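Sequence plus predicted model, see below.
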There are 2 protein chains.
Amino acid sequence: MVKKYSFGNPIETDAVVKDIAETEWKDGIFRKEGNSFHYTLRPDEIIYGLGENVRGMNKRGWRYVSECADNPNHCEHTNSLYGAHNFIMAGDGVQKTCGLFVDTPGRVTFDAGYTDIDELCITMEDGDYKLYLIEGASYPDVVKEFRELIGRSYIAPRWAFGYGQSRWSYNTADEVREVAAEYKKRNIPIDSIYLDIDYMERYKDFTINRDTFADFEDLVKEMKEQKIHLVPIIDGGVKKEDGYDVYEEGKEKGYFCKDEDGEDFVIGVWPGKCCFPDMLNDEAREWFGDKYRILIDKGIDGFWNDMNEPAIFYSEKRLKKVFDKMEEYKTANLDVNTFFEMTDLIGTISNNPEDYASFYHNYKGKRYRHDKVHNLFGYYMTRSAAEAFERYVPEKRILLFSRASYIGMHRSGGIWQGDNMAWWSHLKMNVKMMPSLNMCGFLYTGADVGGFGADTTEDLVLRWLEFAVFTPLLRNHSARGTRRQEVYRFSHVQDFADVIGVRYQILPYIYSEYMKAALRNTMMFSPLSFIYGEDALAGQVEDQLLIGENIMIAPVCEQNASGRVVYFPERMKQLIFRKGTVAEGIVYEKGFAYVDMPMGSVNIFLREGYLFPAAKGGKCVEDVDFEDLTLYSFGEEIKPYEYYLDDGETKDFNIGSHVRMLSC
Amino acid sequence: MVKKYSFGNPIETDAVVKDIAETEWKDGIFRKEGNSFHYTLRPDEIIYGLGENVRGMNKRGWRYVSECADNPNHCEHTNSLYGAHNFIMAGDGVQKTCGLFVDTPGRVTFDAGYTDIDELCITMEDGDYKLYLIEGASYPDVVKEFRELIGRSYIAPRWAFGYGQSRWSYNTADEVREVAAEYKKRNIPIDSIYLDIDYMERYKDFTINRDTFADFEDLVKEMKEQKIHLVPIIDGGVKKEDGYDVYEEGKEKGYFCKDEDGEDFVIGVWPGKCCFPDMLNDEAREWFGDKYRILIDKGIDGFWNDMNEPAIFYSEKRLKKVFDKMEEYKTANLDVNTFFEMTDLIGTISNNPEDYASFYHNYKGKRYRHDKVHNLFGYYMTRSAAEAFERYVPEKRILLFSRASYIGMHRSGGIWQGDNMAWWSHLKMNVKMMPSLNMCGFLYTGADVGGFGADTTEDLVLRWLEFAVFTPLLRNHSARGTRRQEVYRFSHVQDFADVIGVRYQILPYIYSEYMKAALRNTMMFSPLSFIYGEDALAGQVEDQLLIGENIMIAPVCEQNASGRVVYFPERMKQLIFRKGTVAEGIVYEKGFAYVDMPMGSVNIFLREGYLFPAAKGGKCVEDVDFEDLTLYSFGEEIKPYEYYLDDGETKDFNIGSHVRMLSC
């Protein structure tokens, strides 16, 4: 049951798609004090939700802040990541569970047993917000109700479930060709190559650098012939440059965010001085979305939207302040406090709260200071593209995912889990974030495999792939200046080819589960407690996941480990994908067991009474025969599997014949 | 067997205490190419050593650089921490194991399967170094031989095994009194309170801030009456201030490090402009060491040496460069590359390699540029104090530990594991670092419990304590500006009192094992593989330790876990320390098992055939009755325990009666 409450004058976010009558607030399990809501936690009570954020699936024990933030170097003490996902759950997960969605584009703090280890406290910075309280029996029940409230998740084209190679920066068309050739030469499957900002002319959105990508259109065609999709990036800021049509149009039409004096607000990002299109303004959004056509017309069918928290390297005003202050410091006899004041001044130039509070949007006919609607920017940028695709290519699925997001955006596109680091702990975070994001409606998601920042290692990339072959978005991406991590650059290339190959063997199941989760508002990746709610040990497992209801995975996330301890909440049978073959492993009884998982293998644990369909594989998604399946099963009586299959391209998702029962 | 090799003109470091004849190099399992030594790794071969550095006990899979560095925010991709410990081991750990010690104060890179996953490659920046190659059967054999080579580890006074409370900053004497009173009021055991830089007059070494610590001498006395030792910090830099006697003397006598022109080299650290005493110069070292007497005469009997990598916030030269450059930037039309050049310029002011290459030491009669002998500074600063203590109070043990270190310093003092963060991953790193440090001779060591930087949580401090009650240095320390973490500030104070209380129950064993490890050059904390070398699974366990040969521990290092899976390499019996009592838990068979370990309990796993002596506890070390022991044992035939006990204060360590056999 969903109850809706409204406080002050909430800003409409379009997060919710259902019309629900408002109820007057009365303290119950949540006690309201000012703009805070308090909830007393039982010992061992689990808190789920919050989508994209740091730490565990169980969010207990930290303070999280919903405030879209560009922070690649995120650590345990980080409070905010790229998305702002205000949905949280507590309860016993079985008989009495409750979810709370705070619908406000402003700052919200979730103090989940941080200040007081026995209390959850949710605090809104402003007094204007809507609350949705969802009460249900179990976690999956509450999730389902919440997901119905916020509407159907974005559905990606099926080719976007193939393996993708990315790097900031592939500087020339020939570099892109080389990457494709290296994959093809070694028979490593691949479906896409991503273009970071380098393909653009001086980082200007919707332009092509004709010095380095002279024959861009030919490149797109050539790649398409090799069944490789090129996926270009689009950034949140538009370069302020006389004669650049996108800038000139935006300026003329008044589509950019304004400063206090009504002038176009100028900030520095990749292209240098930029203006932000007012993505929240209906007309500006339509105008910006129309620009994607420039690339669609060149044969592009996928995009990633970046820097849309929005990230600000500097504002003109702030730089002036900094330079003035530096002059003061120069003449002063610098003591150590002043020295730290100085380094702090420089260290806080980027993404400065003062800058976020000094420009304005024209949203639904009203003027809003940016910081009050901050969490909507990436959402509305992505919506801008999604709405444009609906206008131009209404029949066709276009790949679209974003860095920043807010609940509601899950209907327009997916997200990647932002710029991360080549850390084993970020692989583990990738695992933990999958169900949290599913709870909030984000299904098409994955992290930068191998890590974006910092130098990676061969084993980290391989182990990460062993997990990521299960995630809808499967992309190897890294930053300029870090160690190259295209898989063919390592010593044991065949291991990589084998592991990536597994993706194409398990794709029928992955795609089917993804589609069902989207169409039925269910979880694709679940914490163990979602199915084994009565089992307290299952609730403590943070590094294993259920995918759909048939299988469990337990990725190896520790360096130098050749296996790991797995918790089996019931009897399961191991399926080992290795060197192109599938072997049926032993049966594990309920309890803990050490499972040998040497590098280069992918392991699936099949629940008793369930089956798992596997294809023969392929060199790209198009190659995979989704009808030629081997059914692996375990147990005496096998539950038929509801197999979803469509053409993967068009949008008639709900045709009955797309679902059929597979039985052994 | 130890072989010594010499290349170029090595700089003497005094790391080694044994005189060994040199051998001519011939390629064997290590192949020399230029200044690199290559070693081919078997799959699953473990690499141990490197003392204080990031990642696992098994160092395989990363590139480590020996270069003492001040980096509190250290993450997986960090290459250097505060110490430079050039000892590394590989082999099978059972029949054929080899250790390599590179004796050079310059930069050394250990590429342990990073560039090539199947190779260990050690590279010296300069051509002048000594190599010691130690071949033995097992890891413990090689460690023992290495430790004999480098001499007996520092032995701390027994009171320094008590619990200590620290924080940057206790700003006044009354704040210190308050901390003591809060502990005493709640009956929480405590033996020491640490004074960070705040006790000094404007951060000047060997001074007292008489505004805030007017009655410092009384405070020391009062605390002593409460059986609390005050442990002040000493920093590596001396404030450049006319009239400050330490500065004036150092300047007059020419004891400071010089710049290229022979002028005193000036850098900024906590006090503002400072000079570095030339710790490498015998006379200067004696002079600096003598200064500790100022505090010893006030009743102080323990010190920690900080900022001695040495840390440099800025040099005068660099600041000038920065300001000049900022002027250029101001007038330029800043593009994004220039912007990042600017932030990078500011971001690299501190600890800049150019600065380390622009001052000089007078070492053993020769002039050395600092970067060539960088890794000796903290070592020689600590030696300076240790040598002074030998002169003044030769009979008495003084507590002394340092942030920076090099092998050789282990004879003069302990180390704390540097500024860390309030991260669960840093608790785990603390666990993993204990044996690595023991291999390199550092026995008196521990990490900042609860984490130094970033806001901690109640459960992290408690879980960390549950582990740290086993580490010789047991200190709760945190940084200014972070959440307060004195244990009485949390909700469940009794849990903290109970856990800290366990330290005083297990102290007879901890102290005895520490003393034996120091006197016999053995390991106090061992990886499981050191005892169970034939067991491949034991070799993979990274978060359990053996302490001595009698017990194993398996700390809980995950948030929200109420227990964990433990690997039992043989039958063991659980001893549960909880709420002041000791309960004998169940017997675990060889293999993996989940063990319930609720917060507030300390768990010990006793090996079959061994015993564990426990005392009744106490409110401080002096309180503990080391003779009134309860012997817990497991099995039929119990090996008598060699119990080491002395007065804990004086230095006649090797008297025969200090060791006796305890039997059930």
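Structure's in. What do you need?

contacts and neighbour counts: CA atoms only from here.
Noted.

where are the low-confidence patches of the stretch 401-550 of chain A?
Filtered on pLDDT under 70, the stretch 401-550 of chain A yields no residues whatsoever.

Point out the residues in it that sit beside chain B.
A:422-424, A:454-455, A:457-459, A:491, A:540 (C-alpha under 8 Å from any C-alpha of the partner chain).

Could you do the stretch 551-664 of chain A as well?
A:559-562, A:565, A:592-594.

Count the neighbours of the residue nearest to residue A:609 when sequence neighbours are not counted for me.
Spatial nearest neighbour of residue A:609, excluding adjacent residues (C-alpha to C-alpha, 6 or more residues apart in numbering or on different chains): residue A:638 at 4.3 Å. Residues lying near residue A:638 (other C-alpha atoms under 10 Å in any protein chain shown) number 15.

Roughly how far does residue A:638 sit from chain B?
According to C-alpha to the nearest C-alpha, to the nearest Å, residue A:638 and chain B sit 31 Å apart.

got it, and residue A:53?
Applying C-alpha to the nearest C-alpha to residue A:53 and chain B gives a distance of 15 Å.

give the contact list for that residue.
A:64, A:79-81, A:83, A:433 (C-alpha atoms under 8 Å, 6 or more residues apart in numbering or on different chains).

neighbour-wise, which of these leads?
Top of the contacts of residue A:53 by neighbour count (other C-alpha under 10 Å): residue A:83, with 30 neighbours.

Okay, and the beta partners of that one?
residue A:405 (DSSP bridges).

What does the pLDDT read for it?
Note for residue A:83: predicted pLDDT of 98.

Return the subset of the residues of the stretch 401-550 of chain A next to chain B lying in strands.
Among those, no residue falls in strands (DSSP state E).

And those, which two are furthest apart?
A:491 and A:540 (36.8 Å; C-alpha to C-alpha).

Compare those two and say which is more crowded by neighbours.
Using other C-alpha under 10 Å as the criterion, residue A:491 and residue A:540 rank with residue A:540 on top: 23 against 14.

wait, the more buried one sits on residue B:560?
Yes: the pair residue A:540 and residue B:560 qualifies as a contact (C-alpha atoms under 8 Å) at a distance of 7.3 Å.

tell me the contacts of residue A:36?
A:121-124.

quick revisit: if we only consider the residues of the stretch 551-664 of chain A next to chain B, which is nearest to chain B?
residue A:561 (6.0 Å; C-alpha to the nearest C-alpha).

mind listing what that closest one touches?
So residue A:561 contacts residue B:540 (C-alpha under 8 Å, 6+ apart).

May I ask which helix or strand encompasses it?
Using DSSP states H and E, residue A:561 sits in no helix or strand.

How about the backbone phi and psi for it?
Here is the backbone geometry of residue A:561 (degrees, to the nearest 10): phi -90, psi 140.

what about it, distance to residue A:249?
56 Å (C-alpha to C-alpha, to the nearest Å).

who does the helix or strand encompassing residue A:338 touch, helix- and strand-wise?
Assigning secondary structure by DSSP H and E places residue A:338 in helix A:336-347. Using 3 or more C-alpha pairs under 8 Å, 6 or more residues apart in numbering or on different chains; DSSP states H and E, the elements in contact with helix A:336-347 are helix A:316-331, helix B:336-347.

could you dump the longest one to CSV, C-alpha only?
Right, helix A:316-331. Backbone C-alpha positions of helix A:316-331 (Å, rounded to 0.1, in the frame of the first residue of the first chain) are rendered in CSV as follows:
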residue,chain,number,x,y,z
GLU,A,316,34.5,32.5,-14.3
LYS,A,317,33.5,34.2,-11.0
ARG,A,318,35.3,31.7,-8.9
LEU,A,319,38.5,31.9,-10.9
LYS,A,320,38.5,35.6,-10.5
LYS,A,321,38.1,35.2,-6.7
VAL,A,322,40.9,32.6,-6.6
PHE,A,323,43.3,34.8,-8.6
ASP,A,324,42.5,37.8,-6.4
LYS,A,325,43.1,35.8,-3.2
MET,A,326,46.3,34.4,-4.6
GLU,A,327,47.6,37.9,-4.9
GLU,A,328,46.8,38.5,-1.3
TYR,A,329,48.6,35.3,-0.2
LYS,A,330,51.6,36.3,-2.3
THR,A,331,52.2,39.5,-0.4
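
Can you list the buried residues in it?
Across helix A:316-331, burial judged by 16 or more other C-alpha atoms under 10 Å in any protein chain shown covers A:318-319, A:322-323, A:326, A:329.

give me every residue that touches the nearest residue to residue A:110 once chain neighbours are set aside.
Nearest residue to residue A:110, sequence neighbours excluded (C-alpha to C-alpha, 6+ apart): residue A:122, at 4.6 Å. Counting by C-alpha under 8 Å, 6+ apart, residue A:122 makes contact with A:36-38, A:108-111.

what about 7 Å?
Contact partners of residue A:122, counting by C-alpha atoms under 7 Å, 6 or more residues apart in numbering or on different chains, are A:36-38, A:109-111.

For the residues you listed, name the two members farthest from one another.
A:38 and A:109 (11.9 Å).

so where do the strands sit in the stretch 301-450 of chain A?
For the stretch 301-450 of chain A, the strands defined by DSSP state E, counting those that start in this stretch cover A:302-306, A:314-315, A:360-363, A:366-369, A:399-402, A:405-406, A:414-416, A:445-446, A:448-449.

all helices of the stretch 351-500 of chain A, in order?
A:353-356, A:370-373, A:377-392, A:424-439, A:458-468, A:493-520 (DSSP state H, counting those that start in this stretch).

domains of chain A?
For chain A, automatic domain parsing gives the domain ranges A:2-150, A:509-662.

among these, which is nearest residue B:207?
domain A:2-150 (35.7 Å).

ends of the closest one, how far apart?
First residue to last in domain A:2-150 (C-alpha to C-alpha) measures 12 Å.
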